[in-house]
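Engineer: Show me how the following folds:
(chains A, B and C)
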Amino acid sequence: MKDPQFKAIVWQTMAAIPPGKVATYGQIASLSGYPGHARGVGHILKKLPPETLLPWHRVINAKGEIALPAGSEGHQMQKQRLEQEGIHFQDDKIRLRLYQWDGIVSDQTPET
DNA sequence: GTTGTGACTACCA
DNA sequence: ATGGTAGCCACAA
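Structural biologist: Numbering: from 1, shown residues only, chains lettered A, B, ... in the order given. Next up, the predicted model:
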């Protein structure tokens, strides 16, 4: 679809992620009203300016890890920020995945 | 205009 | 459980 609002909505959804919690691209897309558009979200994040105030670091892939290439600038920063928010990592993978805010649905933890 | 690429996912083998 | 494939979208050339 060609919804010019897509980007804006994604931004809002992303901004709604509370500290200490993270969401996957797919969740962002779904919550934004566009299920299945995870990739679009990813691209939008990439397009975000470095000085953005959006909590882009709280967005991770479905595997529970940082989507950015390991070793890249963003990857390191994101990991650092997440740990700063109290999110525990385990071999570059997030252990706690809490998708739950504003009374919105929650996701189960794979593995557990 | 089409083609290719990418901070993704879900599904099937 | 791991690996390959197809579907999605936005953007650059």
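Engineer: Around DNA strand B, which positions in chain A sit nearby?
Structural biologist: Within reach of DNA strand B by Cβ under 7 Å from any atom of the strand, chain A has these residues: A:24-26, A:36, A:38-43, A:45-46, A:48, A:56-57, A:59-63, A:67-69, A:74, A:78. Using the backbone N, CA and C atoms, a C-beta is placed for each residue, glycine as well.
Engineer: Looking at the residues you listed, which are in strands?
Structural biologist: A:T24, A:V59, A:I60 (DSSP state E).
Engineer: ok, the first one - how many residues close by?
Structural biologist: Looking back up the chat, that one is A:T24. 20 (other Cβ atoms under 10 Å).
Engineer: what's the nearest residue to it if we skip its chain neighbours?
Structural biologist: Sequence neighbours aside, A:A62 is the residue nearest to A:T24 in space, at 4.9 Å (criterion: Cβ to Cβ, 6 or more residues apart in numbering).
Engineer: got it, and A:P55?
Structural biologist: Nearest to A:P55 is A:I17, by Cβ to Cβ, 6+ apart, at 5.4 Å.
Engineer: just the helices in chain A please.
Structural biologist: With DSSP state H applied, chain A shows helices at A:5-15, A:25-31, A:38-47, A:73-84, listed in chain order.
Engineer: could you dump the ones you listed to TSV with mean pLDDT and mean neighbour count?
Structural biologist: Formatted as TSV, the helices of chain A follow (pLDDT from 0 to 100; neighbours: other Cβ atoms under 10 Å):
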stretch	mean pLDDT	mean neighbour count
helix A:5-15	88	17
helix A:25-31	87	22
helix A:38-47	91	17
helix A:73-84	90	15
